[in-house]
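# model this:
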Amino acid sequence: GNPDFAAILDDELARLPDKLRGPLVACLLQHRTHKQAAAELGESERTLRRRLEEAKRVLRLRLERRGVVPAVAAGLVGGVGM
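This is a model prediction of the structure:
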């Protein structure tokens, strides 16, 4: 893939608000379940799922805007954590 993808991803993750970044990092990068991530972040599972969906949507749009292939962005932030 794109050698700069990790750097772009890091940059975009850093720019997300904490409330969106937390669930994304916990579920996508640390492979926590929704239940585990919600407990760690002190949120309900419902709130966690809502924020995770929002975070994935925002991140996907930002990655695509930066020229990351949509399929790669979708694969990363598509149906994860189901």
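
# helices of the chain, residue ranges please.
5-15, 18-24, 34-41, 45-65, 70-77 (DSSP state H).

# got the CA coordinates for the shortest one in CSV?
Right, the one you point to is helix 18-24. Output in CSV follows, covering the C-alpha atoms of helix 18-24 (Å, rounded to 0.1, in the frame of the first residue of the first chain):
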residue,chain,number,x,y,z
ASP,A,18,-10.8,13.0,22.2
LYS,A,19,-14.4,11.7,22.5
LEU,A,20,-14.1,10.3,18.9
ARG,A,21,-10.5,9.2,19.0
GLY,A,22,-10.9,7.2,22.2
PRO,A,23,-13.5,4.7,20.9
LEU,A,24,-11.7,4.4,17.6
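
# what helices and strands are in contact with it?
helix 5-15, helix 34-41, helix 45-65 (3 or more CB pairs under 8 Å, 6 or more residues apart in numbering; DSSP states H and E). The C-beta positions use only the backbone N, C-alpha and C, and glycine is treated the same way.

# for the protein, which spans come out with low pLDDT?
Low-confidence segments of the chain, defined by pLDDT under 70: 1-3, 70-74, 77-82.

# excluding its backbone neighbours, what's nearest the residue most central in space within the chain?
Nearest residue to the geometric centre of the chain (CA atoms, centre = their mean): L24, 3.6 Å. Nearest residue to L24 in three dimensions, chain neighbours excluded: A55, at 4.3 Å (CB to CB, 6 or more residues apart in numbering).
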